[in-house]
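Asks: I would like the atomic coordinates for the input below:
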Amino acid sequence: MQTKKFGLNGPRVPVIGQGTWYLDRGDRKLAVAALRRGIETGMTHIDTAEMYGDAEPVIAEAIAGERDGVFLVSKVLPSNASRRGTITACERSLKRLKTDHLDCYLLHWRGSFSLQDTVAAFDELIAAGKIRSWGVSNFDTDDLDELLEVAGEGTIACNQVLYHLRERAIEHAVIPWCEAHGTAVVAYSPFGHNDFPPANSKADEVLQSIADAHRATPRQVALSFLTRASSVFAIPKAASADHAAENAAAGELVLSASEIAALDKAFPRGAKPRGLPML
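Replies: Sure, this is the predicted structure:
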């Protein structure tokens, strides 16, 4: 599994991690087995959120006895992101995850509370040893600029954003901004939202031919393409242990320049949108 530095001052983290949105809606035993297989195959970066229902308790079961080897991330809802509310939400997540700290804690999206208050809470949580770093999710460059003025350089560990073959908007400005400021980019829903493989048959043929050349799967090729930049990680969700192992193998796949160019042509990023796409 390839690893990259997570943010300017963070540890090296596997390029492919594990997302857990909707994890609580399926069979709990299968979910735990998938997470554990992911950990065994190198996907030790596990992402969750207080919004994800009972995902945190499922993760707690899956990482029991493995906490020291896991890079664990959760998120605070904007409606809870006041200074006191952020701390309370974090402590609630820690209890549900059965751990004494998070490796990174994110503001899920921009809300009505001031960034100053949320950042102050993050700083307090770091001082207390309850989180080791913090970041954001669904922030466009104007929000990132404002956050940088509040927090200063080198403090924003990551920005978690929507990114998949058919939604490449972040390549226009968000990825360059994050690379310029030492902020990791974490791609959520890297296969889209229940629409993989792509509907475009010609694009699908390109994807399949590259997969065949590597004795890989289209999903593995897609993940490798999305994480080709030095700052980008991906957190696909797996519904089974076999699916988790398939995702993990993408962390060893390196595409050639010609293959990247072919995918770039098959799945064009399009014009820069007015706003940042998100789910």
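Asks: do you know how far residue 25 is from residue 94?
Replies: Computed as CB to CB, to the nearest Å, the residue 25 to residue 94 distance reads 23 Å. Where you see a C-beta, it was placed from the backbone N, CA and C, and this is true even at glycine.
Asks: which residue ranges form the strands in the stretch 101-250 of the chain?
Replies: With DSSP state E, counting those that start in this stretch as the criterion, the stretch 101-250 of the chain has strands at 104-107, 134-137, 156-162, 184-188, 232-234.
Asks: with only the CA atoms kept, save the longest helix seen in the chain in PDB.
Replies: As assigned by DSSP state H, the longest helix anywhere in the chain is helix 83-97. Output of helix 83-97 as PDB, limited to C-alpha atoms (Å, rounded to 0.1, in the frame of the first residue of the first chain):
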ATOM      1  CA  ARG A  83     -16.800  26.300  20.600                       C
ATOM      2  CA  ARG A  84     -18.500  24.300  23.400                       C
ATOM      3  CA  GLY A  85     -20.600  22.300  20.900                       C
ATOM      4  CA  THR A  86     -17.600  21.100  19.000                       C
ATOM      5  CA  ILE A  87     -15.900  19.800  22.200                       C
ATOM      6  CA  THR A  88     -19.100  18.100  23.300                       C
ATOM      7  CA  ALA A  89     -19.600  16.500  19.900                       C
ATOM      8  CA  CYS A  90     -16.000  15.300  19.900                       C
ATOM      9  CA  GLU A  91     -16.300  13.800  23.300                       C
ATOM     10  CA  ARG A  92     -19.500  12.000  22.300                       C
ATOM     11  CA  SER A  93     -17.700  10.500  19.200                       C
ATOM     12  CA  LEU A  94     -14.800   9.400  21.300                       C
ATOM     13  CA  LYS A  95     -17.100   7.600  23.600                       C
ATOM     14  CA  ARG A  96     -18.900   5.900  20.700                       C
ATOM     15  CA  LEU A  97     -15.600   4.900  19.100                       C
END
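Asks: need the residues that contact that helix.
Replies: 48, 50, 56-57, 59-60, 63, 72, 74, 76-77, 79-81, 100-102, 105, 113, 117-118, 120-122, 124-125, 130-131 (CB atoms under 8 Å, 6 or more residues apart in numbering).
Asks: try it again with 7 Å
Replies: For helix 83-97, the surrounding residues in contact (CB atoms under 7 Å, 6 or more residues apart in numbering) are 50, 56-57, 59-60, 72, 74, 76-77, 80, 100, 102, 105, 117-118, 120-121, 124-125, 130-131.
Asks: between the strands of the stretch 101-250 of the chain, which one is closest to residue 7.
Replies: strand 156-162 (3.7 Å; CB to CB).
Asks: run a quick neighbour tally on residue 143.
Replies: Residue 143 has 17 neighbours, counted by other CB atoms under 10 Å.
Asks: whoops, I mixed them up, residue 56
Replies: 24.
Asks: next one: the residue nearest to residue 268 when sequence neighbours are not counted from residue 222, what distance?
Replies: Spatial nearest neighbour of residue 268, excluding adjacent residues (CB to CB, 6 or more residues apart in numbering): residue 168 at 7.9 Å. Going from residue 168 to residue 222 by CB to CB gives 12 Å.
Asks: more neighbours: which of the two?
Replies: Between residue 168 and residue 222, counted using other CB under 10 Å, the more crowded position is residue 222 (26 against 19).
Asks: ok, the closest residue to residue 44 other than its chain neighbours - contacts?
Replies: Closest residue in space to residue 44, ignoring its immediate chain neighbours: residue 70 at 5.1 Å, by CB to CB, 6+ apart. Going by CB under 7 Å, 6+ apart, residue 70 touches 39, 44, 46, 63.
Asks: so where's the protein uncertain?
Replies: Applying pLDDT under 70 to the chain picks out residues 197-200.
Asks: all helices of it, in order?
Replies: Under DSSP H, the chain gives helices at 28-40, 55-62, 83-97, 115-127, 141-151, 174-180, 201-213, 218-226, 241-249, 257-266.
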